[in-house]
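Undergrad: for reference, the sequence and a predicted model appear below.
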Amino acid sequence: MKIALGTDHAGFLFKERVKALLVTLGHEPVDFGTFSETPCDYPDFVLPAAMAVARGECERGIVFGGSGNGEAMAANKIRGVRCGLCWTVEAAQLNRRHNDGNVLSLGGRLVPEAEIDGIVRAWLETPFEGGRHIARLAKFAALGSPAT
């Protein structure tokens, strides 16, 4: 699976760790940056990653930041993106199972490093449950998004 990655300086080290994990798991990471810990603005890197998912160039995306909050907000501005901020394996599973999340947001300053691999694996491996959640997602999608 092609997976878009985007981060600011605060999430850079997690991005590098997850990129290596994705390769090990047989996925193809597409890295939209940033490429160092030099301070930068997360929208410059998160929005292109989210747009790649929305356009179908990548099946999913993972974005990173200090808390992951701003990154999730930015990604969700893109029509077709369903980004969830996940801090536990259970949150990642629910993001996929109930919300068909296609972008995962992780906070490098808030998620313990030892938890990252498990969260990413759970998010990648958990299928969308469908059923009652389909109608809910349709209602949400009907609202559209201010950015495309």
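TA: Nice, I can see it. All values derive from a computational prediction rather than experimental measurement.
Undergrad: show me where pLDDT drops low in the chain?
TA: Applying pLDDT under 70 to the chain flags the ranges 144-148.
Undergrad: rerun at 80
TA: Within the chain, the ranges that satisfy pLDDT under 80 run 140-141, 143-148.
Undergrad: who touches the most centrally placed residue in the chain in this structure?
TA: What sits nearest the mean C-alpha location of the chain, by Cα atoms, centre = their mean, is Leu104, with 2.4 Å. Listed by Cβ atoms under 8 Å, 6 or more residues apart in numbering, the contact partners of Leu104 are 60-63, 83-84, 86, 92, 95, 119-120, 123. C-beta: built from backbone N, CA, C; applies to glycine.
Undergrad: that one sits in which helix or strand?
TA: Leu104 belongs to strand 103-107 when assigned by DSSP states H and E.
Undergrad: now the element after that strand, going C-ward?
TA: Immediately after strand 103-107, counting by DSSP H and E, sits helix 113-125.
Undergrad: please name every helix or strand in contact with that following helix.
TA: For helix 113-125, the contact count by 3 or more Cβ pairs under 8 Å, 6 or more residues apart in numbering; DSSP states H and E identifies helix 12-24, strand 60-65, helix 89-99, strand 103-107 as packing neighbours.
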